[in-house]
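> no sequence on this one, just coordinates:
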């Protein structure tokens, strides 16, 4: 495996793991009485400030060329809409169901890349998608009486579609000309107005009331936002949007690990099985061409399975 491919895979894995830390920092804020809109506003605003300070310290230019303004604005709104649609769906349906349905976004990415950009889907990629979906489905645990809401389903699918389009745009539009830091900074800048509108332009905004609350808000802005988006951008530019999306299956695995290690949840047989299936799917994606070559070598030993020359 080439060094650049290995770098892309590692970035994709770390991005998924960083994003999976969402519950660790978001749940304490929700328990303190903060609304999802307020949490999202602080998450994006603090991330914007931290990235802005980083760019200033590195003496990086904030300049956007004319041709990049529209893609940057659209990218920011896609990210914000994805977050907003997901949180709105939580009011319509069980959060576990919503989080499970959300993971159709790798399929959406693969379809978009195949239909609009003629990307060929290998056997290992398809197997990775199926395995990842199966693993996430196993991890899901619905509560008593949980049901599927049509409006909630639409909201989750819109969230997944927004995220999928953003991932494709990072590789296939002018956004690839921006550095990962500047791209993520402007995604925050142009996404914040959406939450301000939802918060009646700040009239209903809630603030963390404790030092630990502010610590959670800052950590939420850094790990599952800045770090995850930066690493995801690098991964997409090296190994492509489809493989990076499949590696996102490690997000719920990380969330499960946080639940067990931090919140005292039990490691059941179902959770262990789901984790193993997801890890197997990720292994298939990581092995890629090497696995396909090995399979051809195995099946090539059987005369009936050889292609006529």
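Looks like it came in fine. Since this is a predicted model, take the numbers as computed values, not measurements.
> what does the model give residue 282 for pLDDT?
Residue 282 is assigned 86 on the pLDDT scale.
> Spatially nearest residue to residue 238, not counting backbone neighbours?
Closest residue to residue 238 apart from its sequence neighbours, by Cβ to Cβ, 6 or more residues apart in numbering: residue 8 at 3.0 Å. All C-beta spots, glycine's among them, are computed from the backbone N, C-alpha and C.
> Quick one: name whatever helix or strand follows the helix or strand harbouring the one you found.
Secondary structure assignment for residue 8, by DSSP states H and E: helix 3-19. Remark: after helix 3-19, the chain's next helix or strand is helix 22-31, criterion DSSP H and E.
> pLDDT (mean, whole number) over that following helix?
Computed over helix 22-31, the average pLDDT equals 86.
> after that helix, next one along is what?
Immediately after helix 22-31, counting by DSSP H and E, sits helix 36-57.
> Quick check: end-to-end length of stretch 199-219?
22 Å (Cα to Cα, to the nearest Å).
> From the rest of the structure, what touches that stretch?
21, 24-26, 28-29, 32-35, 37-39, 41-43, 46, 50, 196 (Cβ atoms under 8 Å, 6 or more residues apart in numbering).
> For PyMOL, write the select line for the buried members of these.
Here is the PyMOL selection string for the buried members of the contacts of stretch 199-219, based on 16 or more other Cβ atoms under 10 Å:
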select buried, resi 21+24+25+26+28+29+34+35+37+38+39+41+42+43+46+50+196
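> Does the residue nearest to residue 238 touch residue 241 like I think?
No: Residue 8 is not in contact with residue 241 according to Cβ atoms under 8 Å; the separation is 11.3 Å.
> Those two: which is more packed in?
Neighbour tally, residue 8 and residue 241, criterion other Cβ atoms under 10 Å: the higher count belongs to residue 241, 27 against 22.
> Identify the residues contacting the more buried one.
109, 113, 167-168, 170-172.
> will you turn these into JSON lines that also has neighbour count, pLDDT and secondary structure?
Formatted as JSON lines, the contacts of residue 241 follow (neighbours: other Cβ atoms under 10 Å; pLDDT from 0 to 100; DSSP: H, G, I helix; E, B strand; the rest coil):
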{"residue": "109", "neighbour count": "29", "pLDDT": "93", "secondary structure": "helix"}
{"residue": "113", "neighbour count": "23", "pLDDT": "93", "secondary structure": "helix"}
{"residue": "167", "neighbour count": "27", "pLDDT": "95", "secondary structure": "helix"}
{"residue": "168", "neighbour count": "22", "pLDDT": "95", "secondary structure": "helix"}
{"residue": "170", "neighbour count": "25", "pLDDT": "92", "secondary structure": "helix"}
{"residue": "171", "neighbour count": "19", "pLDDT": "89", "secondary structure": "helix"}
{"residue": "172", "neighbour count": "17", "pLDDT": "92", "secondary structure": "helix"}
